[in-house]
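*Asks:* Kindly generate the corresponding structure for this input.
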Amino acid sequence: MLRQKIFEDISAKIGETLANSPAKDMEKNMKAMLGTAFSKLDLVTREEFDIQQDVLKRTREKLTQLEIRLAELEKAAKAQAEPAKPD
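*Replies:* So this is what the prediction gives:
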(Lines give C-alpha, C1' and ligand atoms only; values in the text may rest on other atoms or scores of the structure.)
Protein backbone atom coordinates (compact mmCIF):
# COMPACT_ATOMS: atom_id res chain seq x y z
CA MET A 1 0.00 0.00 0.00
CA LEU A 2 2.86 2.35 0.86
CA ARG A 3 4.55 1.57 -2.46
CA GLN A 4 1.37 2.41 -4.33
CA LYS A 5 1.18 5.78 -2.56
CA ILE A 6 4.82 6.51 -3.40
CA PHE A 7 4.26 5.71 -7.08
CA GLU A 8 1.14 7.90 -7.14
CA ASP A 9 3.07 10.78 -5.54
CA ILE A 10 5.94 10.44 -8.00
CA SER A 11 3.53 10.26 -10.91
CA ALA A 12 1.70 13.37 -9.70
CA LYS A 13 4.99 15.28 -9.30
CA ILE A 14 6.14 14.29 -12.79
CA GLY A 15 2.78 15.34 -14.20
CA GLU A 16 3.00 18.72 -12.47
CA THR A 17 6.55 19.24 -13.70
CA LEU A 18 5.61 18.39 -17.28
CA ALA A 19 2.52 20.59 -17.13
CA ASN A 20 4.66 23.60 -16.24
CA SER A 21 7.48 22.88 -18.70
CA PRO A 22 8.08 23.42 -22.39
CA ALA A 23 7.42 19.71 -22.86
CA LYS A 24 3.71 20.41 -22.41
CA ASP A 25 3.80 22.97 -25.21
CA MET A 26 5.63 20.49 -27.41
CA GLU A 27 2.98 17.89 -26.63
CA LYS A 28 0.19 20.32 -27.59
CA ASN A 29 1.98 21.27 -30.81
CA MET A 30 2.63 17.64 -31.69
CA LYS A 31 -1.02 16.72 -31.08
CA ALA A 32 -2.16 19.61 -33.28
CA MET A 33 0.28 18.63 -36.02
CA LEU A 34 -0.78 14.98 -35.89
CA GLY A 35 -4.44 15.98 -35.83
CA THR A 36 -3.94 18.04 -38.98
CA ALA A 37 -2.08 15.19 -40.69
CA PHE A 38 -4.76 12.65 -39.75
CA SER A 39 -7.56 14.92 -40.92
CA LYS A 40 -5.95 15.03 -44.39
CA LEU A 41 -5.95 11.25 -44.58
CA ASP A 42 -9.00 9.29 -45.65
CA LEU A 43 -9.59 7.62 -42.27
CA VAL A 44 -12.72 6.45 -40.50
CA THR A 45 -13.40 6.23 -36.81
CA ARG A 46 -13.49 2.90 -35.04
CA GLU A 47 -17.23 3.36 -34.53
CA GLU A 48 -17.80 3.89 -38.27
CA PHE A 49 -15.65 0.86 -39.05
CA ASP A 50 -17.57 -1.35 -36.61
CA ILE A 51 -20.91 -0.21 -38.04
CA GLN A 52 -19.80 -0.98 -41.60
CA GLN A 53 -18.42 -4.34 -40.47
CA ASP A 54 -21.85 -5.21 -38.99
CA VAL A 55 -23.59 -4.11 -42.20
CA LEU A 56 -21.22 -6.26 -44.26
CA LYS A 57 -21.84 -9.26 -41.99
CA ARG A 58 -25.63 -8.92 -42.35
CA THR A 59 -25.26 -8.47 -46.12
CA ARG A 60 -23.18 -11.64 -46.40
CA GLU A 61 -25.76 -13.58 -44.37
CA LYS A 62 -28.57 -12.29 -46.60
CA LEU A 63 -26.58 -13.16 -49.72
CA THR A 64 -26.07 -16.72 -48.46
CA GLN A 65 -29.80 -17.05 -47.78
CA LEU A 66 -30.65 -15.73 -51.24
CA GLU A 67 -28.16 -18.09 -52.91
CA ILE A 68 -29.79 -21.04 -51.12
CA ARG A 69 -33.26 -19.82 -52.12
CA LEU A 70 -32.18 -19.35 -55.74
CA ALA A 71 -30.73 -22.88 -55.86
CA GLU A 72 -34.03 -24.24 -54.53
CA LEU A 73 -36.06 -22.29 -57.11
CA GLU A 74 -33.76 -23.41 -59.95
CA LYS A 75 -34.10 -27.01 -58.81
CA ALA A 76 -37.90 -26.68 -58.69
CA ALA A 77 -38.02 -25.02 -62.11
CA LYS A 78 -35.80 -27.74 -63.60
CA ALA A 79 -38.03 -30.43 -62.10
CA GLN A 80 -41.14 -28.82 -63.65
CA ALA A 81 -39.48 -28.42 -67.04
CA GLU A 82 -38.48 -32.09 -67.31
CA PRO A 83 -41.15 -34.28 -68.84
CA ALA A 84 -42.59 -36.96 -66.61
CA LYS A 85 -40.77 -40.23 -67.16
CA PRO A 86 -42.94 -43.27 -67.77
CA ASP A 87 -42.79 -46.00 -65.13
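*Asks:* Domains in this protein, by residue range?
*Replies:* 1-43, 44-87 (automatic domain parsing).
*Asks:* mean pLDDT lowest for which of these?
*Replies:* Ranked by mean pLDDT, these bottom out at domain 1-43, which scores a mean of 76.
*Asks:* From the contact counts, what lies against the helix ranked longest in the chain?
*Replies:* If you go by DSSP state H, the chain has its longest helix at helix 46-81. If you count contacts as 3 or more C-beta pairs under 8 Å, 6 or more residues apart in numbering; DSSP states H and E, helix 46-81 packs onto no helix or strand. Backbone N, C-alpha and C define where each C-beta goes, glycine included.
*Asks:* need the domains of the chain in JSON lines with mean neighbour count, can you?
*Replies:* Formatted as JSON lines, these follow (neighbours: other C-beta atoms under 10 Å):
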{"stretch": "domain 1-43", "mean neighbour count": "9"}
{"stretch": "domain 44-87", "mean neighbour count": "9"}
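*Asks:* Return the distance of the longest helix of the chain from the chain's centre.
*Replies:* Using C-alpha atoms, centre = their mean, to the nearest Å, the mean C-alpha position of helix 46-81 is found 23 Å from that of the whole chain.
*Asks:* swap in stretch 43-55?
*Replies:* 4 Å.
*Asks:* same thing with stretch 17-27?
*Replies:* Per C-alpha atoms, centre = their mean, the displacement of stretch 17-27 from the mean C-alpha position of its chain is 33 Å.
*Asks:* and the end-to-end length of it?
*Replies:* Stretch 17-27 has an end-to-end distance of 13 Å (criterion: C-alpha to C-alpha, to the nearest Å).
*Asks:* gap between residue 82 and residue 75?
*Replies:* Plainly put, residue 82 is 11 Å away from residue 75 if you go by C-beta to C-beta, to the nearest Å.
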